[in-house]
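K.L.:
Compute the structure for the input listed below.
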Amino acid sequence: MTIFFVRSFFLLISMLVGYQIGALLGTPDSNSAFYGLGAGLFVSVGIILVERGLRRISVRGLSSAVFGLIFGLLAAKLLTDAVMLLPVDEATARTMRVIFTLILCYLGMIVAIRGRDEFNLIIPYVKFTRHDQVQQNILLDTSVIIDGRIIDLCQTKFIEGRLVIPRFVLKELQQIADSSDALRRNRGRRGLDILHKIQKLERVVVKIHDEDFPEITEVDAKLIKLAKVLDAKIFTNDFNLNKVAELEGVTVLNINDLSNAMKSVVLPGELLEVKIVKEGKEYNQGVAYLDDGTMVVVEEGRKIIGQVVEVTVTSVLQTSAGRMIFGKIDSDKSDPTQGGRGRRTA
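P.N.:
Numbers count the residues shown, from 1 in each chain. Here you go, the predicted model:
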């Protein structure tokens, strides 16, 4: 609404200025004043249309273009002054000045716009940084939003910093929610619901970031690029994104690594009380699960599916997918002398 009033005021002022100019330039008996009023209206409407077309241009890109233009003007001035030291006539010097100015200004603007993401105005011993880098930024990936565990982490107040949701991640979530596949559609809608819940949490700062990189097509690559620009961390549970971001030097917060680190430590020789729920992949194996979802593979457990038994841990295997525990049925569960081994109930 404020922009509407500003545009209306600009139109009115432009028409009044055009009317005055037309009245000053024309004769009292002519319609020059009204022609000037129409010209002011036409010019102001054209300027507003140009302004509406510039909405997609980011402030960083515009500032970089201005810096490139200034750099090009200075370079053209220095180069022209160097040429003027040669014995050339005035017409040749003016022509060369125009040529140098056009070429160097164009090159300066193009180079500055292409490198706007790494653009920093640096003065010796003083570097101006972005004002939004006072608080640590954490970029949310699509996968970690759909996962949903981030809500519990935010409620525990272990996450410090501002959660930043890039516009292209939000767009990807919307595309998943509009998918024709029922499973993908449900996942996308779940992600959007989780975002609404996160925004309602107290003491959690959530920001939608509009920065985009049209020259990059993949969302993961855009996320890594934006993390470099904002000096931010990436919060994800995507294995491939995790590895690529680490190669690019971007700090990654992997919720799966956090989940594995928080699981209880089980040592060989300990007793676990578990319920065999299904058969394993290998012959005569049974599979049980702890309360935290850790898989327990039990030797000779296929024949007692559905029963609660005590299992002695034989080994623990840590994989990228999580922790796996291997054990065998304890044959001495009734022996009271086994005091050196602890018992845990799943």
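K.L.:
where do the helices sit along the stretch 201-346 of the chain?
P.N.:
Assigned by DSSP state H, counting those that start in this stretch, the stretch 201-346 of the chain shows helices spanning 219-230, 239-247, 255-262.
K.L.:
most packed of those helices?
P.N.:
helix 219-230 (a mean of 20; mean count of other C-beta atoms under 10 Å). For the C-beta atoms, the positions are set from N, CA and C on the backbone; glycine is no exception.
K.L.:
other SSEs contacting that helix?
P.N.:
Using 3 or more C-beta pairs under 8 Å, 6 or more residues apart in numbering; DSSP states H and E, the elements in contact with helix 219-230 are strand 137-140, strand 162-166, helix 167-177, strand 233-236, helix 239-247.
K.L.:
I'd like those written out as a markdown table, with mean pLDDT and distance to Lys303 added.
P.N.:
Listed next are these as a markdown table, based on pLDDT from 0 to 100; distance: least, C-beta to C-beta, whole Å:
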| stretch | mean pLDDT | distance to Lys303 |
| --- | --- | --- |
| strand 137-140 | 86 | 47 |
| strand 162-166 | 86 | 50 |
| helix 167-177 | 88 | 44 |
| strand 233-236 | 87 | 42 |
| helix 239-247 | 85 | 36 |
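K.L.:
now those in CSV, with distance to Leu86?
P.N.:
Putting the helices and strands packed on helix 219-230 into CSV (distance: least, C-beta to C-beta, whole Å) gives the following:
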stretch, distance to Leu86
strand 137-140, 53
strand 162-166, 53
helix 167-177, 53
strand 233-236, 56
helix 239-247, 52
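K.L.:
looking at those, which is closest to Leu317?
P.N.:
helix 239-247 (17.6 Å; C-beta to C-beta).
K.L.:
ok so, going back, so which of the helices of the stretch 201-346 of the chain is nearest Asp330?
P.N.:
Among the helices of the stretch 201-346 of the chain, helix 255-262 comes nearest to Asp330, with 26.1 Å by C-beta to C-beta.
K.L.:
partners of the longest strand belonging to the chain, with directions?
P.N.:
In terms of residue count, the longest strand belonging to the chain (DSSP state E) is strand 308-319. If you go by DSSP bridges, strand 308-319 pairs up with strand 271-275 (antiparallel), strand 322-329 (antiparallel).
K.L.:
Pick out the shakiest of those, pLDDT-wise.
P.N.:
Averaged per stretch, pLDDT over those is lowest on strand 322-329, reaching a mean of 82.
K.L.:
Please point out which parts of that strand sit buried.
P.N.:
Neighbour-count burial for strand 322-329 flags Arg323, Ile325, Phe326, Gly327, Ile329 (criterion: 16 or more other C-beta atoms under 10 Å).
K.L.:
Which residues does it contact?
P.N.:
Defining contact as C-beta atoms under 8 Å, 6 or more residues apart in numbering, one finds that strand 322-329 is touched by 256, 259-260, 263, 266, 272, 290, 293-301, 304, 309-318.
K.L.:
Distance of Val265 relative to Phe213?
P.N.:
Distance, Val265 to Phe213, by C-beta to C-beta, to the nearest Å: 43 Å.
K.L.:
Could you tell me which ranges of this structure sit under the pLDDT cut-off?
P.N.:
Residues of the chain that meet the criterion pLDDT under 70 lie in 1, 27-30, 54-61, 115-135, 260-264, 292, 319-322, 331-346.
K.L.:
any idea how it splits into domains?
P.N.:
2-117, 132-260, 263-332 (automatic domain parsing).
K.L.:
okay, how far is it across stretch 235-249, tip to tip?
P.N.:
14 Å (C-alpha to C-alpha, to the nearest Å).
K.L.:
now do stretch 294-303
P.N.:
In stretch 294-303, first residue to last residue: 21 Å (C-alpha to C-alpha).
K.L.:
Give the buried residues for it.
P.N.:
Buried residues in stretch 294-303, counted by 16+ other C-beta under 10 Å: Thr294, Met295, Val296, Val297, Val298, Glu299, Gly301, Arg302.
K.L.:
Next: stretch 6-22.
P.N.:
Result for stretch 6-22 [16+ other C-beta under 10 Å]: buried residues Arg7, Leu11, Ser14, Met15, Val17, Gly18, Tyr19, Ile21, Gly22.
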